[in-house]
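Student: sequence-free structure coming up:
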């Protein structure tokens, strides 16, 4: 879950909406799962400053407005 200031309805259609494709010219070299994970030593963790915590917490905010649920028949 995240907050996107430019989020659009999934039913919105505009000429500027789209996605990009790419051509992979060479095969990817398989890597072990250990290469793609980031492990932390719990004994080295330190709390962040309150300001940093608030900044990260805002990333998980949601709009507390009613959903305006409607049933179309």
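Tutor: Thanks, I have it. Source: prediction; values computed, not measured.

Student: just so I have it, where are all the helices in this protein?
Tutor: Using DSSP state H, the helices found in the chain span residues 33-36, 50-58.

Student: least reliable of those helices going by mean pLDDT?
Tutor: Among the helices of the chain, helix 33-36 has the lowest mean pLDDT, at a mean of 60.

Student: which residues touch residue 6?
Tutor: By CB atoms under 8 Å, 6 or more residues apart in numbering, the contact list for residue 6 is empty. (Each C-beta comes from the backbone N, C-alpha and C, glycine too.)

Student: State the pLDDT value of the residue of the chain positioned farthest from its centre.
Tutor: Relative to the centre of the chain, the most outlying C-alpha is that of residue 73, 34.1 Å out, by CA atoms, centre = their mean. Note on residue 73: pLDDT of 78.

Student: Same check on residue 40?
Tutor: For residue 40, the pLDDT comes out at 68.

Student: ditto for residue 49
Tutor: pLDDT recorded at residue 49 is 93.

Student: What of residue 66?
Tutor: 78.

Student: what about it, how many neighbours?
Tutor: Look at residue 66: counted by other CB atoms under 10 Å, it has 6 neighbours.

Student: give me every residue that touches it.
Tutor: Residue 66 sits next to no residue when contact means CB under 8 Å, 6+ apart.

Student: Report the separation between it and residue 11.
Tutor: Look at residue 66 and residue 11: by CB to CB, to the nearest Å, they are 20 Å apart.
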